[in-house]
Each structure stands twice: as structure tokens, then as C-alpha cells.
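In: I would like the atomic coordinates for the input below:
(one chain, ligands or ions: 2)
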Amino acid sequence: MIDNFGREINYLRISITDRCNLRCKYCMPEAGVSNIIPHDQILSFEEILRLTEAAAKLGISKIRLTGGEPLVRNSIVDLIGRMNDIDGIDEIDITTNGVLLADLAEDLKKAGVKRVNISLDTLDHEKYAEITRGGDLNKVLAGIKEAQRVGLTPIKINVVALGGFNEDEFGDFIELTRDNDISVRFIELMPIGSADVGENYRFISNEEILKRFPELEPMEKEKFSVAVNYKLPEAKGNVGFISALSNHFCAECNKIRLTSDGKIKPCLHSNDELDMKKVLAEGSDEEVLEALKASIGYKVEHHKLNEGAAPISRDMNKIGG
Ligand code: SAM
Ligand code: SF4
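Out: Ligands and ions are numbered 1, 2, ... in the order given. Sure thing, here's the model as predicted:
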């Protein structure tokens, strides 16, 4: 599918649940449970698979499952196995907080998952419990180890840069890439939904991080990658920077998003959404395909967050980062 600005859209990011076993302060309000989407509004696996089939016919070849926390949804391994059988789907990846990964990694790999991105903002046990409101760092570390063992690689570790919280650990994260073939990616904090952003954490641009680590050497830019990659000299892994705000990557955007309640979001930073629930309930396969195709027409050229546009109203856990 080619959008109105000549971009080839071949990547669908699916949020399979808005529920999560953590409550990261910049992502979810503490009372996350009270504003949860009711079960009957969440897409069923049948609906997700039907949409994925239509998307594959339109040229989508890569899927990323996210959430909420995708691994808390029952039978995710089964969903992935069925998705992997769809003609045209070449790659299925997952973004996860890693808490349940030690138990699931092997089955996920067997079902067809290629790689995992694991979100981890601190290597300190107490700070981890604080930022996630109660999470256990040991579980994530065990998850990373198991993912490496079963070959869900190369692993990417996503670190949200939080001024006043984890900036003293940036160097430790970068050091991890010296002897391990992993990619550590710094993500700029985004003003999204009701997240506890701004008051407690200072926004740090990737440029600011880069200035602190002049030993990082630039690597060649990968096409469609949202990250700009650097490397420590002789390191096995690399360090990526994802700058949604200070240096947006809209010109190369190749993706659309499907929320757990069945809305196509053509752009993360726009409130535009197209409801697929009705067409899934009442429409033919052809109508589902046409609706999906039409959603591409709503992709904007670029977001306007750094020109003062208001942040979107949905929380990140309801979209899928
Ligand atoms: N639960 C999974 C996880 O944490 O990886 C998947 C969903 S989570 C919404 C996806 C990514 O969005 C995570 O890496 C998280 O750190 C990031 N994220 C959430 N809120 C954010 C915000 N306000 N700014 C920047 N990144 C955010
Ligand atoms: Fe859950 Fe991921 Fe949001 Fe943290 S960032 S609350 S793990 S969805």
C-alpha cells in the first residue's frame, strides 16, 4: 500500500490488550484498572486474524505485537502460530516489558516470533520497583537471558530517558553493548495521554545524551528504522536513539497501528482513528479490506507535536508503543 505521500506501508503494529502487569509512571495512571477497556470491546483473536489477513493482502509483511503487555493475553502463543501461517506475513516481533518472558520465550520462538524488544528503564532493583509501581527486575533479567538462549535475537532494550530518574545509568546501559550483541535504544519521553510526564521527569533529548558520550560512533542509517544507530568502538552491540519529538522520522513512516479495541490509528500522534469493529462484525472480507485500505488515506505527512500541537488523549497502554 502506498499512502498519499508516497510512503510504502508494510508494517502493522497490533496492540492485543490494554491490560498490563506493570504500571509505569510515564505510561499508565496508577488507577489503570479503573479505566480499562471492557472485555467485549477488545478484539477477539478471530477478528485480529481476519484483519491481519486483509492487511497481508494489501502488502503488510511485518507485524509487531504490543499492548498494554502483550504477554498477559491468554493464548498469545496460539495467536502467533496462526498469524505466522498467513500468506505474506514474513516477520512477527513483540514489544514486551519482559516480566513473563522467562516462561514464554521458548514457546514464542517455536510459534514463529523472530525478535523481542524489551522495555527496561533502570538496572537498579529499587528504582525498577518505583518506576513500574511494583515490578520485579529479577524477572525481566531472567526473561532477557531466556530470550537470548532461545534465539529471539538480536534483542533490543528500550530505555525511556527520564531526567532526574535514570540519567545516571545511561553509561551503564551503553556499556552493556560492549560485550553483548544487543541494541540499547534510548527513547525520548513523549507527552501522551494522562502519563505522569513533566512534573516528575525532565525531558532529555537524544542529542543531549549523545553529547555526554562522544565515544559513540555513528553507524549507517537503516532504511525504515525509527532509530539512529551508534556504536562504541569494537563493541558487539549498538546504541540507538529514537527521537519522536526532536527529530521525527515521519518521512520514512511505514506503519499503521491497530488498537486493542479495534481502531486503526494511521499516526501515533494524531487523534484520528478508524473504527474497524463494525465492519468486522457486519462486513464481507472485501469490505474489511477496503476499510483498511481507506485508513491509509488518513496518514498525515508528519505530526505537529514540535510545532505546539496538543498531545493525543489516549494513554500509551491503550495504543501500543
Ligand atoms: N508493555 C510493553 C512494554 O512496556 O514494552 C509494550 C507496550 S509499551 C506502551 C511500549 C513502549 O512504549 C515501552 O517501551 C514504553 O517504555 C514506551 N512508552 C510508554 N509511555 C511512553 C511515553 N510517555 N513516552 C515514551 N515512551 C513511552
Ligand atoms: Fe505496561 Fe509497557 Fe506501559 Fe509499562 S510501558 S505500564 S509495561 S504497557
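In: for the helix or strand harbouring Thr52, the distance to its chain's centre please.
Out: Secondary-structure assignment from DSSP states H and E places Thr52 in helix 45-57. When distances are taken as Cα atoms, centre = their mean, to the nearest Å, helix 45-57 is centred 19 Å away from the chain's centroid.
In: Same question for stretch 93-105.
Out: Relative to its chain's centre, stretch 93-105 lies at 13 Å (Cα atoms, centre = their mean).
In: How about the backbone phi and psi for the closest residue to Ile92 other than its chain neighbours?
Out: Spatial nearest neighbour of Ile92, chain neighbours left out: Ile63 (4.9 Å); criterion: Cβ to Cβ, 6 or more residues apart in numbering. For every residue, glycine as well, the C-beta is placed using N, CA and C. Per-residue torsions, Ile63: phi -120, psi 140 (degrees, to the nearest 10).
In: Pull out the buried residues from stretch 276-287.
Out: Across stretch 276-287, burial judged by 16 or more other Cβ atoms under 10 Å covers Met276, Val279, Leu280.
In: ok, now stretch 15-24?
Out: Within stretch 15-24, the residues scored as buried using 16+ other Cβ under 10 Å are Ser15, Ile16, Thr17, Asp18, Arg19, Cys20, Asn21, Leu22, Arg23, Cys24.
In: Kindly report the same for stretch 135-148.
Out: Gly135, Leu137, Lys139, Val140, Leu141, Ala142, Gly143, Ile144, Glu146, Ala147, Gln148.
In: ok, is it in contact with ligand 1 or not?
Out: No. Contact between stretch 135-148 and ligand 1 is absent, the nearest approach being 10.1 Å (criterion: Cβ under 6 Å from any ligand atom).
In: List the contacts of the residue nearest to Ile92.
Out: By Cβ atoms under 8 Å, 6 or more residues apart in numbering, the residues touching Ile63 are Tyr11, Leu12, Arg13, Ile14, Thr52, Met83, Ile89, Glu91, Ile92, Asp93.
In: Try it again at 7 Å.
Out: Leu12, Ile14, Thr52, Met83, Ile89, Ile92 (Cβ atoms under 7 Å, 6 or more residues apart in numbering).
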